[in-house]
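Engineer: Here is my input; please provide its structure:
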Amino acid sequence: MKTNKIALLREVLSLRNYSPQTIKTYLKAVETYNSFSGLQNPSQQSLYKFALHLKEKNLSFSHIKNSIMAVKLYSEIVFGVKLNSNFLRGYRKERKLPDVLSIEEVKSIINCIENLKHRTIISLIYSCGLRISECVNLKVKDIDSKRMLLRIEQSKGNKDRFVPLSDKMLALLREYYKVYKPNEFIFEGQFEKYYSTRSIQAILKRALRKCNIKKHITVHSLRHSYATHLLEQGTDISIIQKILGHRDIKTTLLYTQISKSQLNKIKNPFDTF
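Structural biologist: Predicted structure coming up:
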């Protein structure tokens, strides 16, 4: 019975034009809730207890907020019961700066990956500042070699955007295409129509170990590193915002706090002593 309700939720979210990645995230959150609640129908009390449960697992506020939103939608769509999440208001969000790689570290990571497909995936994520979900959903038709652009369709917030494609990246993509000959999706999976995000995470993990890089680096760190390197090379912050697809410039301004070139411009008064 619960399976049918989950299917109904998926159907409605799809009709509302939620992105495939968001649907996947929301369904997983609802499954976690059902497991926690013992398959009881959602209620205001169980929603609050679920939030406490997630907090006890040291999950991020963003993860908790998305999970609560998913259960609220589940309750409203499937059971016709509206729940509120007022208990999350006024949350004092922690602002942690992400770890980023130097250009030399990115080079060493890419150079140590021998498999052509794996090297192309990691290179493309870094060189275009992609989210991992954007990478796996890329199609062959999204490459515009004449305009040297990569089209990102219906990404976060259901927005399309173009990102610049470097000459070296295009050459690598052409080399990859000759060997693998993908049909629809650029990176096809062994059993699925597109490559799994878990496999990409595993590729990067192995490369980090091989290069002996101890920083806390994830696939998303490649996107942070790309944005930081653009800023350090003098790219205007508003251009970086457009490339990354940020809705709010405040999100992009985060990189000014971790850019070495920005910090090095500061003249330390201690040097005048």
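Engineer: Buried residues, stretch 64-83. List them.
Structural biologist: By neighbour count on 16 or more other CB atoms under 10 Å, the buried set for stretch 64-83 is 64-65, 67-75, 77-78, 83. The way it works is simple: take the backbone N, C-alpha and C, and place the C-beta from them, glycine included.
Engineer: next one: stretch 118-133
Structural biologist: Quick answer for stretch 118-133 (16+ other CB under 10 Å): 118-133.
Engineer: same deal with stretch 175-193?
Structural biologist: Under 16+ other CB under 10 Å, the buried positions of stretch 175-193 are 176, 182, 185, 186, 187, 188.
Engineer: Cross the residues you listed against helices and list the overlap.
Structural biologist: Counted as lying in helices by DSSP state H, out of the buried residues of stretch 175-193, are residue 176.
Engineer: Going by distance to residue 216, which of the buried residues of stretch 175-193 wins?
Structural biologist: residue 187 (25.3 Å; CB to CB).
Engineer: what about the closest residue to residue 249 other than its chain neighbours, how many neighbours?
Structural biologist: Sequence neighbours aside, residue 241 is the residue nearest to residue 249 in space, at 5.4 Å (criterion: CB to CB, 6 or more residues apart in numbering). The burial count assigned to residue 241 is 19, neighbours taken as other CB atoms under 10 Å.
Engineer: mind checking the SS state of residue 241?
Structural biologist: helix (DSSP: H, G, I helix; E, B strand; the rest coil).
Engineer: before we move on, back to that, so which of the buried residues of stretch 64-83 comes closest to residue 14?
Structural biologist: residue 77 (11.7 Å).
Engineer: Pretty sure the closest one sits in a helix.
Structural biologist: Yes: counting by three-state DSSP, residue 77 is found in a helix.
Engineer: ok, which stretches of the stretch 151-273 of the chain are helices?
Structural biologist: 167-180, 197-211, 219-232, 237-244, 249-253, 260-264 (DSSP state H, counting those that start in this stretch).
Engineer: okay if I get the ones you listed as TSV plus mean pLDDT and distance to residue 59?
Structural biologist: As requested, the helices of the stretch 151-273 of the chain are exported to TSV (pLDDT from 0 to 100; distance: least, CB to CB, whole Å):
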stretch	mean pLDDT	distance to residue 59
helix 167-180	95	35
helix 197-211	95	18
helix 219-232	91	16
helix 237-244	89	24
helix 249-253	79	21
helix 260-264	63	31
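Engineer: most tightly surrounded among those?
Structural biologist: helix 219-232 (a mean of 22; mean count of other CB atoms under 10 Å).
Engineer: ok, and what's touching that helix?
Structural biologist: 98-101, 103, 106, 122, 125-132, 197, 200-201, 204, 215, 237, 239-240, 243-244, 252, 255-256, 258-262 (CB atoms under 8 Å, 6 or more residues apart in numbering).
Engineer: Break down this protein into its strands, ranges please.
Structural biologist: 143-144, 149-152, 161-164 (DSSP state E).
Engineer: most neighbours per residue, which of those?
Structural biologist: It is strand 149-152: most buried of the strands of the chain by mean count of other CB under 10 Å, with a mean of 20.
Engineer: how close does residue 225 get to residue 17?
Structural biologist: 32 Å (CB to CB, to the nearest Å).
Engineer: and if you look at residue 240?
Structural biologist: From residue 240 to residue 17 the distance is 27 Å (CB to CB).
Engineer: How about residue 178?
Structural biologist: For residue 178, the distance to residue 17 - CB to CB - is 36 Å.
Engineer: can you check residue 79 too?
Structural biologist: Taking CB to CB, one finds residue 79 at 23 Å from residue 17.
Engineer: what do you get for residue 182?
Structural biologist: Distance from residue 182 to residue 17, by CB to CB: 26 Å.
Engineer: what's around residue 235, how many residues?
Structural biologist: 13.
Engineer: any chance you could read off phi and psi for it?
Structural biologist: phi -70, psi 140 (degrees, to the nearest 10).
Engineer: what pLDDT does it get?
Structural biologist: Residue 235 is assigned 87 on the pLDDT scale.
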